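Visitor: sequence first, then the predicted structure:
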Amino acid sequence: MTTSSEDVKMSIDFVRVKKADGTLYLMNERIAWMPNGKNTFTISHNYADIKTQKISPEGKPKIQLQVVLADRSDTFHFVNPNGTERQLEDRNRVKECLQTTLPLFRRKVSQEMEQKARLLLDNANLFELYKELVTTGVITPEDFWEHYATRVKLNSRAAADNRSEKVGVSSAFLADVKPQADGMNGNGLRFGLFYFTVLFTNCSTFPHQTRHSVQHQQRDHRGDLPDVSRRQAKAL
C-alpha cells in the first residue's frame, strides 16, 4: 500500500531492515517501511498494535530502533551515509515521534475496550453470543466486533426507528393472499414474512390462534412460515 491517501508526518531515508535499504514512514495511524525500488510497504504496523519501542544503547556501532508488538518485532537500522551523528539524529526523531504518539493510541484502545465491555454488560444476548463464538475460538474478537456487534447495533437502531414511525396497515392487505391446497382435502393461506410480521404486530388475537392451530408444524424451508386457515384469517 502506498502513502498517496495518507498524511505522512515524517519520512526517514537510509533505513535498513535486515540487509535491504529503504525509507521509514511515520503517518497518522501507523509506521511503515518501504524498500528502495518498490512502491509498496513490506512492513506496516498500526500505532495501536505497538506495545513499546526500544533503542540500541549508547556506544553501540549500530544505531537501531525496535518496535515491539504482541507477537513480533521489527528492527530498523539507521545508516545515513553522512555519519553517526546524522544516524543518531534520524533515530531520535523517530523515537520522539513515537513517544508522543503511542500513548494517544493506547488511550484510544482503552476507551474502545471500555465501550465494548459496557455493550456486553448491557446486552445479555450479545454477551451469550460472545461467549459461544469468541471464548470457544470459533472466531476472533476482531471478527466478532466487526460483523456481529455492528449488525446488532444497526438492527436495534432500525427497530427503534420502526417503533417511532409505525404506520397503519390497510384492512384489505390480505386481498392478494390466495388459498392453497394443504394436501389434506382443505385449503390454507400461505403467509410470507411480511404478512406474518404485520399480523403479529397489528392483530392481537393472531399469536394465540396461531399457537393453537399450527403447533409443531412450523417450517424452516426458505424462511416459510406456518399455514393459517381461511376461517382464522376472517376472524382476525
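Guide: Ah, there it is. Residues are numbered from 1 along each chain as shown.
Visitor: may I have the phi/psi pair for Arg107?
Guide: With angles defined as degrees, to the nearest 10, Arg107 shows backbone torsions of phi -60, psi -40.
Visitor: same question but for Met27, I mixed them up
Guide: When quoted as degrees, to the nearest 10, the phi and psi of Met27 stand at phi -110, psi -170.
Visitor: so it sits right up against Val8, yeah?
Guide: Yes - when contacts are counted by CB atoms under 8 Å, Met27 is listed as touching Val8 (5.5 Å). Bear in mind the C-beta positions are built from the backbone N, C-alpha and C, glycine included.
Visitor: of these two, which one has the most company?
Guide: The neighbour comparison of Met27 against Val8 (other CB atoms under 10 Å) goes to Met27, with 17 against 11.
Visitor: for that one, which non-adjacent residue is closest in space?
Guide: Glu6 (4.8 Å; CB to CB, 6 or more residues apart in numbering).
Visitor: can you read off the pLDDT for the one you found?
Guide: pLDDT for Glu6: 73.
Visitor: again, but for Phe127
Guide: In the prediction, the pLDDT value recorded for Phe127 is 81.
Visitor: give me the element it is part of.
Guide: Counting by DSSP states H and E, the element that carries Phe127 is helix 124-133.
Visitor: list the buried ones in that helix?
Guide: Applying a neighbour-count criterion of 16 or more other CB atoms under 10 Å, the buried positions in helix 124-133 are Leu126, Leu129, Tyr130, Leu133.
Visitor: closest one of those residues to His147?
Guide: Distances from the buried residues of helix 124-133 to His147 were compared by CB to CB; the smallest belongs to Leu133, at 9.9 Å.
Visitor: pretty sure the closest one is in contact with Thr140, am I right?
Guide: No - counting by CB under 8 Å, Leu133 does not reach Thr140; the two are 9.4 Å apart.
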